[in-house]
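Chemist: Provided below for reference: sequence and predicted model.
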Amino acid sequence: MPGPLAGVKVLDFSTTFSGPFCTLQLADLGADVVKIEAPGGDITRGLGTSREPGMGSVFLACNRGKSSLELDLRDESSWEVLDSLIVNADALVHNMRLPAAEKLGIAPQRALDINPRLVHLAITGYDTSGPYGHRPAYDDTVQAMSGLAWLQGLTASEPTYVASAVVDKVTGLSAAMALIAALYAAERTGVGQSVEVPMFETMVGFNLTEQWGGRAFVPALGDTGYARLRTEYRRPYRTSDGVISVLVYHEGHWRRFLEAIGKGHLLELDEFRTTTARNDNIDALYRLLARELQTRTTADWLELFERIDVPVARVKSLDELFDDDHLKAVEFFHEVGDDTDRYLVARPAFRFSGTPVADPHDVRLPDRLGAGEQRVRDWITGQPEGL
């Protein structure tokens, strides 16, 4: 496959979301990813909507472009094949706890003893050097532990989860970045290393980015917080006939909006004159915005905000995205498969001018369970027609 990671060989021992989402980024960038599955396959093969057993929509989304090898690593007689894979790999990825990785023969030290140039990447729940290091972790529990569920609850009646596996996906992206950096180091030095990417610490840093508030200083000047993101009035707004999202953000936005509705004088008041004052009194501004938006139609507001160059958007459902004019124009969705077995996939969002990724029409579907054995044998033996 083309792409900036063409020729990089990755062993993927991960399951569910965080690891497969990490290696999906690598596959999209052109890496040769072999997904090693326990007997019966990844649990996500049965999640979502299925047309045939083992090819659920969740699995399809996270595992395109990868080969599949079914291998029972609980049986040490299979470790000969495992070791042949490791010695030919550039990277190994898993998202299990260390005791489980040791039992299956893929712990960092063993893998690096077999292949000193290897990048061994483990996605963990928590930094293994700390007291939480032994705990199991899933997206929901880390949303809770990292403060995200609490943040979501500030504008609801109680703490709540984001309706997306956001922890898994953010951690997967961070892991992909860390792995590519380690591959670059290995290319320069000839020496591999082990890399750990913990979900909890990744999300704590992610969540605090704009929320540090007074805790950014020593001694602390107050609690965490960013008023604009914590107000209950930061939400899609009702118009007279629908719902829209509008972000009146900086002074230019507020001035143009307020002048358009005949209330430009408000910016001369002390509570709205400066950025700090507006942030301190954001609830009042958002209440005004909410009231005004109910006085005109969605079409009227879309025309006005686009004319005065204030960010505005319709609130769309996920299903509406498949008919979005922009996504159609950039050919974001593509049908793949053969004449009798068709699927819809989303192409990678990134574009490279010098090392373009695969044509979306040529994206490989995930293998049916265990269907990648021949490609894996070719990879091990180094035949030209292999991976």
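Modeler: Yep, that arrived. Every value quoted in this text rests on a predicted model; they were computed, and no experiment measured them.
Chemist: what about the helices in the stretch 101-250 of the chain?
Modeler: For the stretch 101-250 of the chain, the helices defined by DSSP state H, counting those that start in this stretch occupy 108-114, 139-145, 148-153, 166-189, 199-208, 227-230.
Chemist: Export the ones you listed as JSON lines, with columns for distance to residue 377, mean pLDDT and mean neighbour count.
Modeler: C-beta: built from backbone N, CA, C; applies to glycine. Shown next, in JSON lines, are the helices of the stretch 101-250 of the chain (distance: least, Cβ to Cβ, whole Å; pLDDT from 0 to 100; neighbours: other Cβ atoms under 10 Å):
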{"stretch": "helix 108-114", "distance to residue 377": "19", "mean pLDDT": "97", "mean neighbour count": "17"}
{"stretch": "helix 139-145", "distance to residue 377": "35", "mean pLDDT": "97", "mean neighbour count": "20"}
{"stretch": "helix 148-153", "distance to residue 377": "44", "mean pLDDT": "95", "mean neighbour count": "17"}
{"stretch": "helix 166-189", "distance to residue 377": "24", "mean pLDDT": "98", "mean neighbour count": "19"}
{"stretch": "helix 199-208", "distance to residue 377": "34", "mean pLDDT": "98", "mean neighbour count": "19"}
{"stretch": "helix 227-230", "distance to residue 377": "52", "mean pLDDT": "88", "mean neighbour count": "15"}
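Chemist: Dump these to JSON lines, plus distance to residue 133.
Modeler: Output for the helices of the stretch 101-250 of the chain, formatted as JSON lines (distance: least, Cβ to Cβ, whole Å):
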{"stretch": "helix 108-114", "distance to residue 133": "14"}
{"stretch": "helix 139-145", "distance to residue 133": "13"}
{"stretch": "helix 148-153", "distance to residue 133": "21"}
{"stretch": "helix 166-189", "distance to residue 133": "16"}
{"stretch": "helix 199-208", "distance to residue 133": "10"}
{"stretch": "helix 227-230", "distance to residue 133": "31"}
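Chemist: closest to residue 132 out of the ones you listed?
Modeler: Residue 132 lies closest to helix 199-208 among these, at 6.8 Å (Cβ to Cβ).
Chemist: So for the chain, the centremost residue is which one?
Modeler: Centroid-nearest residue in the chain, with Cα atoms, centre = their mean: residue 169, separated by 2.9 Å.
Chemist: Per-residue confidence, the residue nearest to that residue when sequence neighbours are not counted, what does it come out as?
Modeler: Nearest residue to residue 169 in three dimensions, chain neighbours excluded: residue 21, at 5.3 Å (Cβ to Cβ, 6 or more residues apart in numbering). Here the pLDDT value assigned to residue 21 is 97.
Chemist: what do you get for residue 363?
Modeler: If you check residue 363, the pLDDT there is 68.
Chemist: any idea how far the nearest residue to residue 249 once chain neighbours are set aside lies from residue 256?
Modeler: With sequence-adjacent residues excluded and distances taken as Cβ to Cβ, 6+ apart, residue 249 is closest to residue 311, at 7.4 Å. Residue 311 sits at a distance of 12 Å from residue 256 (criterion: Cβ to Cβ, to the nearest Å).
Chemist: Among these two, which residue is more densely surrounded?
Modeler: residue 256 (17 against 12; other Cβ atoms under 10 Å).
Chemist: What helix or strand is that one located in?
Modeler: Using DSSP states H and E, residue 256 falls within helix 251-260.
Chemist: Pull out the buried residues from whichever helix or strand comes after that helix.
Modeler: Next along the chain after helix 251-260, taking DSSP H and E as the criterion, comes helix 275-280. The neighbour-count check on helix 275-280 (16 or more other Cβ atoms under 10 Å) flags residue 278 as buried.
Chemist: packing partners for helix 275-280?
Modeler: Under the contact definition 3 or more Cβ pairs under 8 Å, 6 or more residues apart in numbering; DSSP states H and E, helix 275-280 sits against helix 227-230, helix 251-260.
Chemist: go with 10 Å
Modeler: If you count contacts as 3 or more Cβ pairs under 10 Å, 6 or more residues apart in numbering; DSSP states H and E, helix 275-280 packs onto helix 227-230, helix 251-260, helix 282-293.
Chemist: element containing the residue nearest to residue 169, please.
Modeler: Using DSSP H and E, residue 21 sits within helix 18-28.
Chemist: Run the chain-centre distance for that helix.
Modeler: Chain-centre distance of helix 18-28: 9 Å, with Cα atoms, centre = their mean, to the nearest Å.
Chemist: Centroid-wise, who is the farthest residue in this protein?
Modeler: residue 265 (43.2 Å).
Chemist: who are the neighbours in contact with it?
Modeler: By Cβ atoms under 10 Å, 6 or more residues apart in numbering, the residues touching residue 265 are 258-259, 272.
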